[in-house]
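1. pasted the sequence and its predicted model underneath.
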Amino acid sequence: MSTEKLLIAVVDDEENVRRALERLFRSAGMCVEMFPSGAEFLEALKTREHDCVVLDLHMPLVNGFEVQTRMAEAGVAVPVIVITGHDTEESRDRALGAGAFAYLRKPVDDEILLDAIHAAVAQHKN
């Protein structure tokens, strides 16, 4: 699958995580847009759509759960890959129950994350 046209949104309040994921996605030939908060990402949804969202759950103000809820309310059907450093069974069940394609723990394995993005985008396009 060609990834040169994929636009990936990274929504994470940790700058070092955003930078690492930006490098990974660019090296894989993807375009990437970075958002340090859920609110900034939700605002961007008004003007553009991404092929996939890599979403942290635990962020101040608008957390990843709220982002998922607002995306659903707005009818935005973009695949979501959740990444979190605070893994609990409740968080996993809640994120997947809200429609996340995958739930991954930080630090995220690069290949597993890229595979999840490819699978999410492929399923979404079918």
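-> That came in fine, so what should we check first? Please read these numbers as outputs of a predicted model, since none were measured by experiment.

2. where does this structure have low pLDDT?
-> For the chain, the stretches with pLDDT under 70 are 1-4.

3. give me the longest helix you can find in it.
-> For the chain, the helix with the greatest residue count under DSSP state H is helix 110-125.

4. and for that one, what's in contact with it?
-> 1, 3, 6, 8, 21, 24, 28, 30, 51-52, 54, 77-81, 83, 101-102, 104 (C-beta atoms under 8 Å, 6 or more residues apart in numbering). Where C-beta positions appear, they are placed from N, C-alpha and C, glycine not excepted.

5. mind checking which of the residues you listed are in helices?
-> Per DSSP H, the subset of those in helices is 21, 24.

6. show me where this structure has its strands.
-> 7-11, 31-35, 52-56, 80-84, 102-105 (DSSP state E).

7. in CSV, list the ones you listed along with mean neighbour count and distance to R92.
-> Below are the strands of the chain laid out as CSV (neighbours: other C-beta atoms under 10 Å; distance: least, C-beta to C-beta, whole Å):
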stretch, mean neighbour count, distance to R92
strand 7-11, 23, 18
strand 31-35, 18, 23
strand 52-56, 26, 14
strand 80-84, 24, 8
strand 102-105, 17, 5
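
8. which stretch among the ones you listed comes nearest N126?
-> strand 52-56 (14.4 Å; C-beta to C-beta).
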